Every structure is written in structure tokens, then in C-alpha cells.
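K.L.:
starting from these lines, generate the structure:
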Amino acid sequence: MEISRRDFMHIAAIFGLGAVSVGCSKSGVRTPAQISLKDIYDFKATGNFTLLHMCDIHAHLKPLYWREPSTLISAPNLVGTPGFLCGEAFAKHYGLEPSSLDAYFDTHIDFETLAKKFGKMGGVAHMKTYLDHVRKERGAENVLFLDSGDTWQGTGVALKTRGEAIVKAQNYLGVDVMVGHWEFTYGKERVKELIEMLDAKFISQNIVGNDPFADEYEELIFEPYTIEQRGGAKIGIIGQSFPFTSTANPREFTEGWSFGIRPETLQKYVDELRGEHKVDCVVVLSHDGFSVDQELARMVHGIDFILSGHTHDPSPKPIVIDGTVIVIAGSHGKYVGRLDIDAKDGKVHGYEYKLVPIASNLIPADPEGVKLVEELYAPYADEMNEVLGKTKNTLYKRDTFFSTFDQLINDAIMDEMKCDISFTPGYRWGTTVLAGEDITMDNVYEMCAVTYPDVYTFELKGENIAKLLEDIADNVFNANPLYQQGGDMSRLGGVTYSIAVGNKAGERISSLKVGGEAIVLDKIYIVSSWGGNLQNAGQNLQKDKIRPVYDVVRDYIKDKKVVDVSNEGNVVLLDYDCGCPTKGSQKNNL
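P.N.:
All right, here's what the predicted structure looks like:
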């Protein structure tokens, strides 16, 4: 599908470009037939070894659509900086050409039209084709493939095999080293079993035993680092798993393990690698989050590269802070990061970086990968391929406050549970279903496949609800990235509110309404929630209503046949004029 001249001129205005003829090759507007693998693979090879990087694929083995956010807000000191850029602000910051492949992969702008033009993204069979290309070009003995985690969880096939299907895919891709986060929601024993199946090394310097009755008390659970030889260089890679795992996810999964950022021990291992092992390059393979890793680079000295993850940001250009180069490779298998490094004699002398879009309509699938995915899905194909209904409008996931797929989940919960309020967690993984397309059970699992999926219905006082929202807002919008856990605001059904992000903690939310009426602080409300621990704060749990969220959503879609979810959000943003502001664009600063 081609972009009309009217659409193009609108997009060009957004991107700050002058009037250019649509047919002019200089405009960068090319059809898929005009984009070759050479364009995607094009890279200035440098140095003696290559690091390939993926993060946050969330078990998506097949190509998918994934729409980047149309609202991405943080504290005033962070908004409009890398990690908090989207849409127009992202396009201007990185100089993207309108309606290009990169614009499609990196922003929500005109997403539906460009999706029909360029097709789906990611898929392990397509990733493998690109990985093999780089290994052939550079020599496999000169390449390392690093995985920043959130790999084993996020789809139905992952849930049903308790992560094993995804480990098989990692082994097929040739992952060398990884760290984790959602991996731990399979529980400690299962994590250890999966690591035994994994060909890669699993490292983490920031997970320590804290059970005084266990053998591993005050001991590292995993090796803190690994030293790899590539291209004649000695590379020290330190693992940094998600530091807030035991609070962001139910504690029972990791009981006895203590998590944290641990900059002091990180500095110790950097110094050890440089002083004792005389490495040529120090890499931190991280799942801290993009903004946290930027702070970490200011706190810990001697790190050459941080390969970040967790916050799902695409970053076409590296950030350099106090000599540390920080990169991140998006999410859902949409990208592979390529980092060529020249390092010898204990020092990095140069590097080149590119965030490579895995355009699955343009990069051929490796036949072995296609076969593997088919085999992994075969036992569940009948359930996964079941068409539940259609969607009238695009169902997407990612945004700071609201998304249509989350609203669909809330609609389903409220319809079945007959509650006043429904809470859906602000997870950043999921999928996108285009307007008019079928919704399959696989799509539902792609939104809800957690190991603790039950919907709970209980009573909660109005004042507790108001305080809860303020606490969530302080996590999401804290001015110090080290106090953010990298998620979005919980999505609420039956509720509207206004928010001033720049206000101090406890004073951000106003005009809080339930069912169109102002919340009554001493009133008891019926609340349904899933994917967290909110039920533990409530009373009078309705045990007869407990059901997995994916079953609730499945039945709702089958009953409706065609779902029509409005793209009109339920949150009013008071201190920004748009959902993708640039730095310094708060209303009171204008």
C-alpha cells in the first residue's frame, strides 16, 4: 500500500522536512521492493570483534506487529531525553525520514498504513538469517551474541512449556551470554532447570542469597561475569539482572534471593577484570532499564559498553556518559543491535553501532528456524490458531497511561466480574492486531501469558485506591531513575482521573472518578485485578470468581464477535501539551 501525497505531506510536516516530491529518490520514501538486504545490512565494519545484542523479545518466536507508544511521559527532568522519546520527538531527535522503514519500526506515526506497506517484524527465523550474515562476514570466531533478558516469558508457547520452547530457540539463534528478569517468574528451581538446558552462560553480579538457613546465604547465586576471547581480544562481560525483581513480581518466585542495583560490587568486578584479568574491553550486559543504566554509567567507572534492556526502548544512536557507551535494542525481536569494536592492549580504540530492523517481509526466513517454530507450536496449534473474533480498531499495547488492548482486557474483566474498577498492570510486552484483523487465542496469550494469571475480585476502600494510584505514579514518574522500575501506569477500567506528572509525590492525581462520580474515600468498592498482589490489600475475596485472565478475555471476545475499543483514553495529562513532548516542553515552561 502506497502513502498518498496528502499523508506524506502531513508526515513530512511532523518530521520537520520541507516539501519533497513523493517520487523523488532523495525523499527516502521507498517501497519494500526498492529496499534491498544490502540497505538493511549496510554497516561500516570496524575493529577485531562484534557484539550482537537482543533484549526483551518476550518469547515472540514468530513475526508480529508492534506499535511504539504515542504517549511516553516521565518526570520533567527526564522527559524528552533518550529513553523518554516517542513519535514526533523521537523522529526529530534521531533524524528519521518520514514513512521510511526506520520510522515505521521506531514510532507510532501512521503505523497502520506503514504496517500494510512493510509488513510484520521480528521472528527468530528472520533474526537467524541476519545473525548468520554477520557471523559469515566477520567470522563466527569473532562474534558474540548477548541477550539482556525478558526472553523466556510473554507468549502461550512459553507459558505452556514453562520456558523450554524459548530456550530451544535461544540455542538455535546461538546466544552466548544472558541475564534475566521475567525469567524468574517460573520460580527458582525451574530457572535452574532451564539454565541447564541453555547453551549460553547465565550471569548476574547483583543476585545474592539472603536466606540464613540456605547454603547460598550471602553468596552469589550466579557467576558475576564471564571472560570471552574474540578477535584476539579479551572481553569481560558482567551480568546485571533486573534489580527490582522481588518487588515488581510476586516475591514467592525468588524467596531467598536478594536483588539490587549494587553499584559498589559492580565497580569491584570492573576493577577486577581490568586489574587482575587485564581485559581489553569491559561490557555490562544489563536489564536495569535504559534510564537507570545512564545513571549507573555516572556511578561506576571503567565500563566501556552497557548493553541495556528492560524498558523496550529502540535507540538508533548510542548514548555516551563519562566514557561509557550505552545501547539498547528495542523489544519483541524487532531489532538486533550490532556493535563492532576495536579493542586491544587493554583499551577500546573505536567502535561502530547500528540498530538493525528485522523486517520479516524483507529478510528471508531461515528454513531451520521455520521448522523449529512449527515444531514448538505444533502441540498447541489448535488452541493458538483459534479465531475468537475480529477487532474494528487497532489493538495495541504500549503507552504510558492507556492502550486499546489493555482496555479490551479491562472491558472483559468488568463484564464478567461485575466490578466497579478493574486493574490491569502496566506491562510493556504484548502484541498489536491491526484494524479489521482476526483476534486469535495466540494474540490473547501474547497479552496475558504470565505464571500468575488469575483475576481476583475483592473489596477495597476509596482512600486505598487513591493512595495506590499515587504510589504507582511515584514509581513511574520519580525524578530519580534509580527509583523507577521501568513500567507504565496501571490501566484502569471504570475510572477516570487527571494527573500532573511534575507535582511532588502524593499530589499528582486529581479529579479521580469511579463510574463517572467523584471517588468517595470511605466507600467500599468492588475491585478486580490480575498480574500483581493487589488482592492482598483487599477484603472479602470472591473466591468463586477466580479465573485466569486469558480465559476471561477469550470468552468475552467470542461473545462479542467483533470488538470495538475506542482509542480515547481515560487519563487527562495536565502539565504537557502532547503525549510525546520534547525536553523542556512542560506547559508551565512555555
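K.L.:
low-confidence stretches in the stretch 351-500 of the chain?
P.N.:
For the stretch 351-500 of the chain, the stretches with pLDDT under 70 are 486.
K.L.:
quick check: next helix or strand after the helix or strand of the chain with the lowest mean pLDDT?
P.N.:
Sorting the helices and strands of the chain by mean pLDDT, DSSP states H and E puts helix 5-14 at the bottom, at a mean of 37. Per DSSP states H and E, the first helix or strand lying C-terminal to helix 5-14 is helix 37-41.
K.L.:
tell me which other helices or strands that next one touches.
P.N.:
helix 124-138, strand 347-357 (3 or more Cβ pairs under 8 Å, 6 or more residues apart in numbering; DSSP states H and E). Quick note: C-beta positions are derived from backbone N, CA and C, even for glycine.
K.L.:
ok, residues contacting that helix?
P.N.:
101, 130, 133, 356-357, 359, 362-363 (Cβ atoms under 8 Å, 6 or more residues apart in numbering).
K.L.:
mind doing that once more with 7 Å?
P.N.:
Helix 37-41 has contacts (Cβ atoms under 7 Å, 6 or more residues apart in numbering) with 133, 356-357, 359, 362-363.
K.L.:
does Ile235 sit in a helix or strand, and which one?
P.N.:
strand 233-240.
K.L.:
for that strand, packing partners?
P.N.:
Judged by 3 or more Cβ pairs under 7 Å, 6 or more residues apart in numbering; DSSP states H and E, strand 233-240 is in contact with strand 225-230, helix 263-275, strand 281-286.
K.L.:
do that again at 8 Å, thanks
P.N.:
When contacts are defined as 3+ Cβ pairs under 8 Å, 6+ apart, strand 233-240 packs onto strand 143-147, strand 225-230, helix 263-275, strand 281-286, strand 335-344.
K.L.:
TSV for the contacts of helix 37-41, including neighbour count and distance to Phe105?
P.N.:
Shown next, in TSV, are these (neighbours: other Cβ atoms under 10 Å; distance: Cβ to Cβ, whole Å):
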residue	neighbour count	distance to Phe105
His133	16	18
Val356	23	10
Pro357	24	5
Ala359	24	8
Leu362	18	12
Ile363	23	13
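K.L.:
would a markdown table of the residues you listed with distance to Asp420 be doable?
P.N.:
Formatted as a markdown table, the contacts of helix 37-41 follow (distance: Cβ to Cβ, whole Å):
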| residue | distance to Asp420 |
| --- | --- |
| His133 | 54 |
| Val356 | 47 |
| Pro357 | 43 |
| Ala359 | 45 |
| Leu362 | 48 |
| Ile363 | 48 |
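K.L.:
not counting its neighbours along the chain, what's nearest the residue nearest the centre of the chain?
P.N.:
The centroid of the chain falls nearest to His312 when counting by Cα atoms, centre = their mean (3.2 Å). Residue nearest to His312 in three dimensions, not counting chain neighbours: Ser331, with 3.8 Å by Cβ to Cβ, 6 or more residues apart in numbering.
K.L.:
surely that neighbour and Thr431 touch.
P.N.:
No: counting by Cβ atoms under 8 Å, Ser331 does not reach Thr431; the two are 11.2 Å apart.
K.L.:
in whichever helix or strand comes after the strand holding Ile235, what's buried?
P.N.:
For strand 233-240, the following helix or strand on the C-terminal side (DSSP H and E) is helix 245-248. Buried residues in helix 245-248, defined by neighbour count with 16 or more other Cβ atoms under 10 Å: 245-246, 248.
K.L.:
can you list contacts of the next helix or strand after helix 245-248?
P.N.:
Next helix or strand after helix 245-248 toward the C-terminus (DSSP H and E): strand 257-259. For strand 257-259, contacts defined as Cβ under 8 Å, 6+ apart pick out 188, 206-210, 221, 241-246.
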